[in-house]
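A.B. asks: predicted model and sequence follow; I will ask about them next.
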Amino acid sequence: MAVDQATRQQIADDLWTAERTATAIDRPSDSHAGLDVVDAYEIQLINIRKRLDAGAKVAGHKVGLASEAMQTMMGVDEPDYGHLLDTMQYHEAEPIDFHALCIPRVEVEVGFILGADLPGEGCTRDDVIAAIEWVVPSIELIDSRIRDWKITLVDTIADNASSCGWILGEQRVAMTDIDVGDIDATLTRNGEVVAKGNSSAVLGNPLNSVSWLANKVSSFGVRLRKGDVILPGTATRAFDIASGDNFVAEFAGLGSVTLDFT
């Protein structure tokens, strides 16, 4: 049985406070056995609307848990999605305050920028190919406001799919100039290679992830629009961050993106 609106609001308030204070909370699913995926997306939207009311703008969307490695790591069996806001964007030249976050991690992603709106229900891979204007190197910064990353699917969905930031590299490559389903990616931390992966790990091809996303968000009255940044999921597992870390994600034929923490 789904939870009532007052419970949704309370969970949203708890997650909001956890993010603002960088103090993780117990997972909502432990206290609310009836919490389901629809509840979780509605909770996510409560806090997204709060940010929009404060002046933030939707810059795009992310798909989480789109690879077998991430689903295994987090103990779930399907992807999820979250919102990317302009207030969540970081830039390569601006170090991030590690201590302002709960338990941050980085994910290496082949990102997309849409040049046209995508249809909602019934969106196909061909629709996605036609709509993407640029392929870009990216890192998503994820952070669970739930203690020790001990989450279920509904917990992470309620927590905006554990997203807290995104950063794009400078390079832009046209869809016709690269095979997005076969891009090798390497992540280094403080000069040491910590992960290698390939974009095919993302639902077989990250284009599949984007079509899944367009169909999924349509059921909640959301559309993917021209200019949106789409992060389709990581080609490797996520990596923990420590204060002072430097990360570089390099993508074959696509360029690189860096991220620094103080």
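C.D. replies: Structure's in. What do you need?
A.B. asks: what segments of the stretch 151-262 of the chain are helices?
C.D. replies: Listed in chain order, the helices of the stretch 151-262 of the chain (DSSP state H, counting those that start in this stretch) span 153-158, 206-218.
A.B. asks: tell me the most buried of these?
C.D. replies: A comparison of these by mean neighbour count, using mean count of other C-beta atoms under 10 Å, puts helix 153-158 on top with a mean of 26. In short, each C-beta sits where N, CA and C put it, glycine included.
A.B. asks: can you tell me the average pLDDT over it?
C.D. replies: For helix 153-158, mean pLDDT rounds to 94.
A.B. asks: what's that helix packed up against?
C.D. replies: When contacts are defined as 3 or more C-beta pairs under 8 Å, 6 or more residues apart in numbering; DSSP states H and E, helix 153-158 packs onto helix 5-21, helix 28-31, helix 37-53, strand 80-85.
A.B. asks: same thing but 6 Å
C.D. replies: Other helices and strands packing on helix 153-158, by 3 or more C-beta pairs under 6 Å, 6 or more residues apart in numbering; DSSP states H and E, are helix 28-31, helix 37-53.
A.B. asks: contact partners of that helix?
C.D. replies: Contacts to helix 153-158, defined as C-beta atoms under 6 Å, 6 or more residues apart in numbering, come from residues Arg27, Pro28, Ser29, Leu35, Ala40, Tyr41, Ile43, Gln44, Val76, Asp80, Ile146, Ser162.
A.B. asks: what is the least confident helix or strand in this structure?
C.D. replies: helix 68-74 (a mean of 73; mean pLDDT, DSSP states H and E).
A.B. asks: in it, which residues are buried?
C.D. replies: Within helix 68-74, the residues scored as buried using 16 or more other C-beta atoms under 10 Å are Ala69, Met70, Gln71, Met74.
A.B. asks: nearest spatial neighbour of the last one, chain-adjacent residues omitted?
C.D. replies: Right, Met74. Leaving aside its sequence neighbours, Met74 sits nearest to Leu65 (C-beta to C-beta, 6 or more residues apart in numbering; 6.0 Å).
A.B. asks: equivalent analysis for Ala174, please.
C.D. replies: Trp134 (6.9 Å).
A.B. asks: who's the one you found bridged to?
C.D. replies: Trp134 has these beta-bridge partners by DSSP bridges: Ile113.
A.B. asks: give me the neighbour count for it.
C.D. replies: Per other C-beta atoms under 10 Å, the neighbour tally for Trp134 reads 16.
A.B. asks: quick check: it vs Asp228, distance?
C.D. replies: Separation of Trp134 from Asp228 (C-beta to C-beta, to the nearest Å): 11 Å.
A.B. asks: could you do Val37 as well?
C.D. replies: As judged by C-beta to C-beta, Val37 and Asp228 stand 23 Å apart.
A.B. asks: Gly233 reaches Ala66, doesn't it?
C.D. replies: Yes. Using C-beta atoms under 6 Å, Gly233 is in contact with Ala66, at 2.7 Å.
A.B. asks: all set now, cheers.
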